[in-house]
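Q: okay, predicted coordinates and the sequence, questions at the end:
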Amino acid sequence: MIEANCHCGAVKIFLKQLPVSYTECNCSICRRYAAQWLYVEASEVEITAAEGVIARYQWGDHEIDFCHCSECGSVTHYCSLPESDSSRVAINGRIFDPVMLTGLNKREFDGEAM
Ligand SMILES: [Zn+2]
C-alpha cells in the first residue's frame with residue numbers, strides 16, 4: 001500500500017499502486033495549486049480524515065470538488081461529483097515523497113482556456 005498525507009497529517013491517502021504518469025495542467029486553478037495530478041479510479045484509493053477536516057472548493061462547471069486540508073492548507077486531491085458521470089479521483093502528487101514519483105511520466109495538459 002502506498003501512503004501519502006497532507007503536511008500536518010490530518011488527511012491520509014492510501015493507494016494500491018501508482019499510475020504510470022502524472023499530469024500538470026495550466027488551467028487557472030491547477031497553475032495556482034501547482035498540482036501534479038495522479039489520476040485513479042475512486043475504487044483504487046482510500047482517503048481518511050476526521051470529519052470537517054477536508055475543505056472543498058467548487059469552480060467552473062461544478063463537476064469537481066477540489067479538496068484541501070483545513071488545518072495545513074495542503075491541496076490533497078479532487079473528486080468528481082455525481083453530476084459529472086465520472087468516478088475519477090485525482091491525487092496531488094506533491095503530497096508524496098518526491099522519490100516515489102521519479103519513475104512516472106509527466107504529461108502536460110493544456111487547460112489554459114478553462
Ligand atoms: Zn493537513
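A: Received it, and whenever you're ready, just let me know what you need.

Q: residue ranges with poor pLDDT in the chain?
A: The model of the chain has pLDDT under 70 over residues 114.

Q: in the sheet, who's paired with Cys107?
A: No, residue 107 isn't Cys; it's Arg. Under DSSP bridges, the beta-bridge partners of Arg107 are Thr23.

Q: what sits against it?
A: By CB atoms under 8 Å, 6 or more residues apart in numbering, Arg107 lies in contact with Ser21, Tyr22, Thr23, Glu24. C-beta: built from backbone N, CA, C; applies to glycine.

Q: number of nearby residues for the closest residue to Ala55 other than its chain neighbours?
A: Spatial nearest neighbour of Ala55, excluding adjacent residues (CB to CB, 6 or more residues apart in numbering): Ser70 at 4.3 Å. Neighbourhood size, Ser70 [other CB atoms under 10 Å]: 16.

Q: Ser70: what's it in contact with?
A: Ser70 makes contacts with Gly52, Val53, Ile54, Ala55, as judged by CB under 8 Å, 6+ apart.

Q: ok, the second one touching Cys69?
A: To tie it back to what came earlier, the one meant is Val53. Yes: with contact defined as CB atoms under 8 Å, Val53 counts as touching Cys69 (6.3 Å).

Q: which neighbours do those two share?
A: Overlap of the contact sets of Val53 and Cys69 (by CB under 8 Å, 6+ apart) consists of Ala10, Val11.

Q: higher neighbour count, those two?
A: Per other CB under 10 Å, whichever of Val53 and Cys69 has more neighbours is Cys69, with 21 against 17.

Q: give me the beta-bridge partners of the more buried one?
A: Beta-bridge pairing for Cys69 (DSSP bridges): Ile54.

Q: which residues does it contact?
A: Going by CB under 8 Å, 6+ apart, Cys69 touches Cys6, His7, Cys8, Ala10, Val11, Ala49, Val53, Ile54, Ala55, Thr76.

Q: for stretch 61-76, which positions count as buried?
A: Of all the residues in stretch 61-76, those buried under the rule 16 or more other CB atoms under 10 Å are Glu63, Ile64, Asp65, Phe66, Cys67, His68, Cys69, Ser70, Glu71, Ser74, Val75, Thr76.
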